[in-house]
Each structure stands twice: as structure tokens, then as C-alpha cells.
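>>> A structural model of the following input is requested.
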Amino acid sequence: MEHSGEAAVQRRAGVPRAGTWGSARTRPEIPEVAADFLSRQRLLVVAATDTHGRMWAGALTGPEGFAQALDERRIMVGALPGPGDPLAGAFDSEHEIGMIAIEPATRRRMRVNGTAHAAGAGLLVHTEQVYSNCPKYIQARTIIPGPAVTSPAARTSNTLSGRQQEWISEADTFFVATHAEGLGADASHRGGNPGFVTMLDERHLAWPDYVGNSMYMTLGNLELDPACGLLFPDWDSGDALHVTGRAHVEWGAERTVRFEVDGVVEVTAASPLRWEFGGYSRHNPPTPT
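Prediction:
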């Protein structure tokens with residue numbers, strides 16, 4: 001099925017045969033190679049609306065094997081959004097979900113879009129779109145032993161504090177949650193050298209839309225619905241910065257996405273995983289000095 005938002009963005013970007021690339025080329029079945037990759041992952045990022053209809057990105061973690069393909073259309077994830085996570089309780093009933101499984105050490109990633117609901121202490125996902133992405137802009141990281149797990153604690157606000165603005169300005173990776181009515185939710189990855197995200201003030205930020213695979217699934221959703229969620233993980237501490245708001249694309253010599261903040265949730269000890277940095281992607285463009 002053609003995604004009208006993706007087709008519009010592809011035409012504007014000059015993509016040949018606009019509308020036949022992106023969602024139109026995905027399949028609902030989980031290939032064996034994708035099922036094998038998924039079973040080895042310890043980090044998944046999910047995109048969904050909360051119980052108030054706001055868009056958020058959040059992370060699910062576990063040991064290897066906590067995410068398993070049950071068959072060609074179902075995935076069982078042995079975790080749910082936990083205390084403090086803005087998506088806690090969102091999957092108490094069937095809910096649209098976007099999901100990305102990412103392996104920073106090998107710069108591999110796969111994306112799954114569909115619906116999901118809580119099943120016991122886990123999440124049962126029914127797939128509608130399953131596909132892989134290129135390794136561009138993924139910074140290499142490996143999991144290392146971490147401290148004893150502590151209970152998460154959340155702080156909420158409507159604006160970004162000075163410290164949170166520094167967190168974003170220094171980030172080399174974040175994740176984007178988007179949605180379009182009748183077309184589902186999507187979770188995507190954005191990466192670059194530190195400084196590629198620009199803080200404009202306590203409620204506004206921007207980032208360049210680097211050249212990718214021309215699917216424009218994130219921008220296609222934003223073309224139809226500006227609701228957007230961002231997740232900035234702290235790879236060293238396990239803390240997480242969740243931001244919800246609205247985004248739009250500015251077209252010029254370079255595409256820029258501008259984001260307006262509506263809500264902020266900072267969760268300390270959100271993840272038990274700790275990561276060691278291994279190097280920036282060779283595809284990262286230089287950032288302004």
C-alpha cells in the first residue's frame with residue numbers, strides 16, 4: 001500500500017518512482033535471518049502513543065533471547081515499559097507499535113512495525129512491516145559489565161533544563177518515534193558526530209536529515225502527522241531522556257528537522273546496560289564548529 005506521506009517526500013527529494021519505495025516495499029513476514037538477529041539482541045527501541053495520545057520513544061532491554069520470533073508474524077519480547085517510562089501501561093490493550101533492534105557493535109539494525117499488547121510480563125508483537133536498514137551513522141559500542149541494578153526514578157517537565165540541553169547537544173545518537181493515522185507507528189535511528197543536534201532554546205531543537213536509504217518513513221509520517229517522540233540514551237549511565245512534541249521538515253539546500261518540545265521525562269537508571277564506545281561511523285558528516 002502506498003504511503004501518501006512517503007510518496008510526497010520522495011517526490012520532493014527527487015526519488016525516482018516515488019511511492020514504490022519505503023513502506024510499499026516492506027513485507028510482514030519475519031525472514032529467518034531476521035529472527036536469528038533478533039534473538040541475539042539486548043536492546044530494542046519502541047515507538048508508540050501514550051494513554052494521552054502523545055508520541056514517545058522508549059527502550060526495552062534484557063538478556064540475549066529476550067526477544068524471539070514465535071512464527072513468521074509474531075514476536076515475543078520478554079519486557080514491558082517499566083516504572084517512569086512514558087509508555088508504561090500503553091500496551092494494556094492492542095496498540096500500534098514501531099520497533100527497532102540495533103546492534104551497535106556490528107552497526108546492524110532491523111525495524112518492525114505492527115501492533116502489540118502486553119502478555120504476562122512481556123509484549124506480544126504482530127508484525128505488519130519487517131525490514132533492515134543500512135549501517136550508516138551508527139556509532140560502534142559494545143556492552144560491558146555494569147553496576148548493580150537500581151530502581152528507576154523519573155522527573156517530568158515541559159521544557160529542557162540547561163543540563164538536558166547539554167545532554168542533547170553532546171549526543172551522537174538518538175531515536176525518533178512517529179505515527180500516521182491508518183499507517184502505523186515507526187521507530188528510527190539518527191546518528192552523527194557530537195553537535196549534530198542543535199539546541200535553539202529550552203523548547204526547540206533541530207537536526208540535519210542526512211542522506212539515507214530514500215525510504216523516508218520518518219519524514220513521510222511527519223508529512224501527515226507532526227507528533228513526534230525522541231529518546232536520547234546515556235550509554236554510560238543507563239539514564240534516558242524522553243522528549244515528546246511536534247516536528248516539521250524545512251526544505252532547502254539541506255533538509256533540517258525542527259522540533260518543538262511539549263513534554264520531557266528524564267529517567268535515571270532506566271537501563272541496566274552499560275556500553276563502551278568503539279568509534280564514530282565513517283559516514284558521519286563533519287559538524288559545524
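>>> ok, which stretches of the stretch 101-250 of the chain are strands?
Taking DSSP state E, counting those that start in this stretch, the strands of the stretch 101-250 of the chain run over residues 108-119, 122-132, 140-144, 153-157, 173-180, 184-191, 198-201, 204-208, 227-233, 240-250.
>>> any chance of the ones you listed in TSV, plus mean pLDDT?
Putting these into TSV (pLDDT from 0 to 100) gives the following:
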stretch	mean pLDDT
strand 108-119	97
strand 122-132	96
strand 140-144	97
strand 153-157	96
strand 173-180	97
strand 184-191	96
strand 198-201	98
strand 204-208	97
strand 227-233	98
strand 240-250	97
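>>> out of these, which comes closest to Pro286?
Nearest of those to Pro286, taken as Cβ to Cβ: strand 204-208 at 11.3 Å. Where C-beta positions appear, they are placed from N, C-alpha and C, glycine not excepted.
>>> Check which residues of the closest one are buried.
205, 207-208 (16 or more other Cβ atoms under 10 Å).
>>> what do you get for stretch 4-17?
5-10, 15.
>>> Name the nearest of those residues relative to Ala90.
Within those, proximity to Ala90 (Cβ to Cβ) peaks at Gly5, which comes in at 23.0 Å.
>>> does the closest one sit in a helix, a strand or a coil?
Judged by DSSP: H, G, I helix; E, B strand; the rest coil, the three-state class of Gly5 is helix.
>>> need the helix or strand of this protein with the lowest average pLDDT.
helix 4-13 (a mean of 86; mean pLDDT, DSSP states H and E).
>>> got the contact list for the nearest residue to Ala118 once chain neighbours are set aside?
Closest residue to Ala118 apart from its sequence neighbours, by Cβ to Cβ, 6 or more residues apart in numbering: Phe91 at 4.7 Å. Counting by Cβ atoms under 8 Å, 6 or more residues apart in numbering, Phe91 makes contact with 48, 80-81, 97, 116-118, 123.
>>> Can you say which of those residues are buried?
By 16+ other Cβ under 10 Å, those give 48, 80-81, 97, 116, 118, 123 as buried.
>>> Can you add distance to Gly229 and give those back as JSON lines?
JSON lines is the format used below for the buried ones among the contacts of Phe91 (distance: Cβ to Cβ, whole Å):
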{"residue": "Ala48", "distance to Gly229": "8"}
{"residue": "Leu80", "distance to Gly229": "17"}
{"residue": "Pro81", "distance to Gly229": "12"}
{"residue": "Ile97", "distance to Gly229": "12"}
{"residue": "Ala116", "distance to Gly229": "16"}
{"residue": "Ala118", "distance to Gly229": "20"}
{"residue": "Leu123", "distance to Gly229": "17"}
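>>> for the residues you listed, which one is nearest Arg109?
Of these, the one sitting nearest to Arg109 (Cβ to Cβ) turns out to be Ile97, at 16.3 Å.
>>> Work out for me the element that closest one sits within.
strand 95-103 (DSSP states H and E).
>>> List the strands paired with that strand, with their directions.
Pairing partners of strand 95-103, with direction, according to DSSP bridges: strand 43-49 (antiparallel), strand 108-119 (antiparallel).
>>> contact partners of the shortest one?
Looking back up the chat, that one is strand 43-49. Contacts for strand 43-49 (Cβ under 8 Å, 6+ apart): 55-61, 67, 77, 81, 87, 90-91, 95-102, 116, 175-179, 185-187, 189, 227, 229, 231, 271, 273.
>>> Would you mind identifying the next helix or strand past that strand?
Defined by DSSP H and E, the subsequent element after strand 43-49 is strand 55-61.
>>> Can you spell out which helices and strands pack onto that next one?
Other helices and strands packing on strand 55-61, by 3 or more Cβ pairs under 8 Å, 6 or more residues apart in numbering; DSSP states H and E, are strand 43-49, strand 173-180, strand 227-233, strand 240-250.
>>> Pipe those into CSV and attach distance to Pro152 per row.
CSV is the format used below for those (distance: least, Cβ to Cβ, whole Å):
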stretch, distance to Pro152
strand 43-49, 16
strand 173-180, 18
strand 227-233, 13
strand 240-250, 9
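>>> In the chain, where is pLDDT below threshold?
1, 17-22, 24, 289 (pLDDT under 70).
>>> again, only this time at 80
1-2, 15-25, 148-149, 212-215, 288-289 (pLDDT under 80).
>>> circling back to that earlier point, nearest to Val149 among the buried residues of strand 204-208?
Leu205 (30.9 Å).
>>> Compute the distance between that closest one and Ala35, please.
Taking Cβ to Cβ, to the nearest Å as the measure, Leu205 and Ala35 are separated by 36 Å.
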